[in-house]
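1. Any chance you can model this:
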Amino acid sequence: MTSTETDVAVAENEKPELKVDVKVEVKSTCERHVVVTVPRAEVDRYYKQTFDEISPKAELPGFRAGKAPRKLVESRFKEQVAEQVKSSLVMDSLQQVTGGDYFSAIGEPDFEYESVDLPESGDFVYEFRIEVRPEFDTPKWEGLALERPVCEIDDKRVDQQLTQTLSRFTSGEAVDGGCELEDQVVLNATFTLDGKQVASFDEESVRVRPKLSFGDAQIDGFGKLISGKVEGDQFSTTVKISDSAANETLRGKEVEANFEIVEIRRITIEDVGAQTLESLGFETAEELRGFVRKELEKQFSYHQQQALRKQIVAILTAGANWELPESLIRSQTNREMQRLVLELQRSGFPQDQITSYVNIARRNARESTIAALREHFVLEKIAEDMQLEPSPQDYDKELELIAEQSDSTVRKVRARLEKTGQMDAVRNQIVERMVIEKIAAAAKLTDIKDDDFFTQKRNESDIDFTISGDIADIPDAKHDNEPPVVPGAAKLPEADKSE
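-> Numbering: from 1, shown residues only. Okay, here's the model as predicted:
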C-alpha cells in the first residue's frame, strides 16, 4: 500500500470528534463535579455507525448473513446495541473531557456506570466526581538560599558499616547463650486485644536494638525486654497502635504483644575469612570494602538530595495549604509508600533501612501523604513550565538502579512495575528529582559539614508488618470498554480484527 493509500485509509477510519457540552462545578480545591451532555444528534450518529457495522454480518433465522432487512436487525439487536452505544459514548466523552483543558485530573471519574441511562429520545446526560490538581501560580524558585550537607566517607566509616552489610549476606553463628544488642533473632508473635487475637506473624528476622517498630506501632525498651533471653524463651509487653492505623477501630488502642524466640545468631567482622568472602562473590576484603563504600556514597547522595529537597519544598509550599479530600489522601497513601520504596531502592539502601523509612511513613501516613501531594503538585507545575519529561534513557537508568539493589533484572523489574501500575511512580520520582536538581543548580548554595548521617547509632529495628492490617489497595477502574451482556439476547456479530 502506498503512502497516499495509507493516508486515505487512516482518514476514512478516523472518527469525527464527539460533540459534548461540559459543565464543571468546583466543589473544593481538588474536587470537581462534572455534568456531560451528549446531543441527540450524536447519540443517533453512534447508533447508525454501530448498525452500519453489524448489519452486513448479522445472522437472523430465514436470512443469509447480512441479508436481513435493516429494520429487523435494529429490532432484534436493539438492547445490545444500546449498551454498546452507551459504553462508547461514555468512554469517548470521558476521554475528551479528562484529556481536555477543563482540569488536570489526578484520579479516575467516580460514578456508577450501571445507574447511567441512555434515553430512547433526547440528549444523553451523565455526571461524575473527579479529583484534580489544584490551580495556582508557579512559585518563584530561582536563586533560593540553600545549605548543602557534605561529608567525607573515610575508611573508618566504611568499617563501621561492614557488620550491617554482612548481615544482609550471612546468617552469622548460632548463639547458645543469652541475647545481646545487635544479635539477629527470629521471632514468632501474636497480638491480642481483650483476649482476642488481632494479628500474628511467624519467623520474622530482626536485629536486636533498643526499639522495635512496625508499620503502625513501636515498642520502646525492646532491647531490655529480650536481653539475656535464649532460644525458646517467651516474653510479653503492651504496644499502642498509632492514630494513623489503617483499621480505625484499633487506632490508639493498646494491644498485648507476645513473643517467642525461635533462633539467635551473631555476626562479627573477625569471622570474615577467605571462604566467607568467596561465598559473597568477593576476592579480597578490600573489594568488599569497596562495595560498602559505593553503597555509602549512594546513600549519602540520597541524604544530600533529601536535605536540599526539604529546604526547597518548605519554601515553595509555604502557601500551599490546599484542602485535600480524604478520598484522595487514602487512595494516594499506598502509591506514596510504593514511591518511597522505589526511591530508596535506587539510592542503594538495604531492605532493613527501607523498612525503617516505610514504617515511619506508615505511622504518620495521613500527614506524610498530604505533604507529599502538596510537594508533588508544586514540583509538577514547575516541571511543566520547564517542559521537563523523562527520556527512555532516564527510565532505563532508574530501573537499573532498582534492579541492582533488589537483586533482580531490569526486565523483571519493568514487568513487575508495569503489572502493578507503578511506572507512574517511577516517572514522578524522576521528574521531581530533575526539578530539584534544576532548582539547586540555580540556588545560592552553602556547603555545611554533616557527619550526623553516619555517626548516629541506630537504636531501632523494623519489621515489615502492620498489627492492624495494611491500607486497602487502590480500587479498580470504575468502568471498562466492554458493555455488559444482555441475558437471552441475540449475539452481536464480532467486529473485524485487523493486525
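2. max-length helix in this protein?
-> What stands out as the longest helix in the chain, according to DSSP state H, is helix 285-316.
3. for that one, packing partners?
-> strand 145-150, helix 155-169, helix 274-280, helix 365-386, helix 423-441, helix 452-455 (3 or more C-beta pairs under 8 Å, 6 or more residues apart in numbering; DSSP states H and E). For glycine as for every other residue, the C-beta is placed from the backbone atoms N, C-alpha and C.
4. and residue 85, which of the ones you listed is closest to it?
-> For the helices and strands packed on helix 285-316, distance to residue 85 was read as C-beta to C-beta. The smallest value, 31.6 Å, belongs to helix 423-441.
5. Report the buried residues of that closest one.
-> When neighbours are counted by 16 or more other C-beta atoms under 10 Å, the buried residues of helix 423-441 are found to be 425-426, 428-436, 438-440.
6. Dump these to CSV, plus distance to residue 130 and pLDDT.
-> Putting the buried residues of helix 423-441 into CSV (distance: C-beta to C-beta, whole Å; pLDDT from 0 to 100) gives the following:
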residue, distance to residue 130, pLDDT
425, 21, 88
426, 24, 92
428, 19, 91
429, 24, 91
430, 26, 94
431, 22, 94
432, 23, 93
433, 28, 93
434, 28, 95
435, 25, 96
436, 29, 95
438, 30, 96
439, 30, 96
440, 34, 95
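7. rewinding a little: out of the helices and strands packed on helix 285-316, which comes closest to residue 211?
-> With C-beta to C-beta, the closest approach to residue 211 among the helices and strands packed on helix 285-316 belongs to helix 155-169: 16.5 Å.
8. is residue 187 in a bridge, and if so with what?
-> Here residue 187 sits in beta bridges with residue 204, residue 261, going by DSSP bridges.
9. looking at it, it is touching residue 204, isn't it?
-> Yes - counting by C-beta atoms under 8 Å, residue 187 sits close enough to residue 204 to count as a contact (5.5 Å).
10. Of these two, which one has the most company?
-> Set side by side, residue 187 and residue 204 give different neighbour counts by other C-beta atoms under 10 Å, the larger being at residue 187 (18 against 15).
11. For the more buried one, give its distance to residue 465.
-> Relative to residue 465, residue 187 is positioned 11 Å away (C-beta to C-beta, to the nearest Å).
12. so what sits against both of those two?
-> Counting by C-beta atoms under 8 Å, 6 or more residues apart in numbering, the common neighbours of residue 187 and residue 465 are 201, 204.
13. Outline the domain layout of the chain.
-> 13-131, 145-161+284-457, 172-266 (automatic domain parsing).
14. mind giving me TSV with the ones you listed and columns for distance to residue 274?
-> Rendered in TSV, the data for the domains of the chain read as follows (distance: least, C-beta to C-beta, whole Å):
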stretch	distance to residue 274
domain 13-131	55
domain 145-161+284-457	9
domain 172-266	17
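15. Restrict stretch 79-89 to CA atoms and write it as PDB.
-> Output of stretch 79-89 as PDB, limited to C-alpha atoms (Å, rounded to 0.1, in the frame of the first residue of the first chain):
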ATOM      1  CA  GLU A  79     -30.800  -3.900  23.600                       C
ATOM      2  CA  GLN A  80     -27.200  -5.000  22.800                       C
ATOM      3  CA  VAL A  81     -26.600  -2.000  20.500                       C
ATOM      4  CA  ALA A  82     -28.000   0.400  23.100                       C
ATOM      5  CA  GLU A  83     -25.500  -1.000  25.700                       C
ATOM      6  CA  GLN A  84     -22.600  -0.700  23.100                       C
ATOM      7  CA  VAL A  85     -23.600   2.800  22.200                       C
ATOM      8  CA  LYS A  86     -23.800   3.800  25.800                       C
ATOM      9  CA  SER A  87     -20.400   2.300  26.500                       C
ATOM     10  CA  SER A  88     -18.800   4.000  23.500                       C
ATOM     11  CA  LEU A  89     -20.400   7.400  24.300                       C
END
